[in-house]
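> Requesting a structural model of the entry that follows:
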Amino acid sequence: MNQTDKDAIHSAIGQTREAIASEDLPKIKSATDQLEQASHAMSKAMYESATAAQVAGNESREHSAAERPDQPQGDDDAIDAEFEVKK
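Next up is the predicted model:
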């Protein structure tokens, strides 16, 4: 999330608070609509940032796994273990 997104959400919050204090219903509706739009923009930016970080993390793990040929490759969570059946 960049500074522009932060400024937009803070501005919308301030306008909404002012509108609520004025008790002017059309002004409140307009301010809450602006707050909703700013919130959606912020959510979109956060989602895109998280997705990019996840993709980068996956690429890093795949790259490091490819550098270790002695380690099994794959996405399964299998654990190699020995067991003994007791009667």
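
> By mean pLDDT, flag the weakest helix or strand of the protein.
helix 25-66 (a mean of 84; mean pLDDT, DSSP states H and E).

> for that one, packing partners?
Helices and strands touching helix 25-66, by 3 or more Cβ pairs under 8 Å, 6 or more residues apart in numbering; DSSP states H and E, are helix 3-22. C-beta here means a position set from N, CA and C on the backbone, and glycine is covered the same way.

> Tell me which residues of the helix it packs on come out buried.
5, 8, 9, 12, 15, 16, 19 (16 or more other Cβ atoms under 10 Å).

> Tell me the helices and strands packed up against that helix.
Secondary elements touching helix 3-22 (3+ Cβ pairs under 8 Å, 6+ apart): helix 25-66.

> relative orientation of the helix it packs on and helix 3-22 in degrees?
Put simply, helix 25-66 runs at 150 degrees to helix 3-22, going by axes from the mean of the first three to the mean of the last three Cα atoms, to 10 degrees.

> roughly how far is helix 25-66 from the heart of the chain?
Computed by Cα atoms, centre = their mean, to the nearest Å, the chain-centroid distance of helix 25-66 equals 5 Å.
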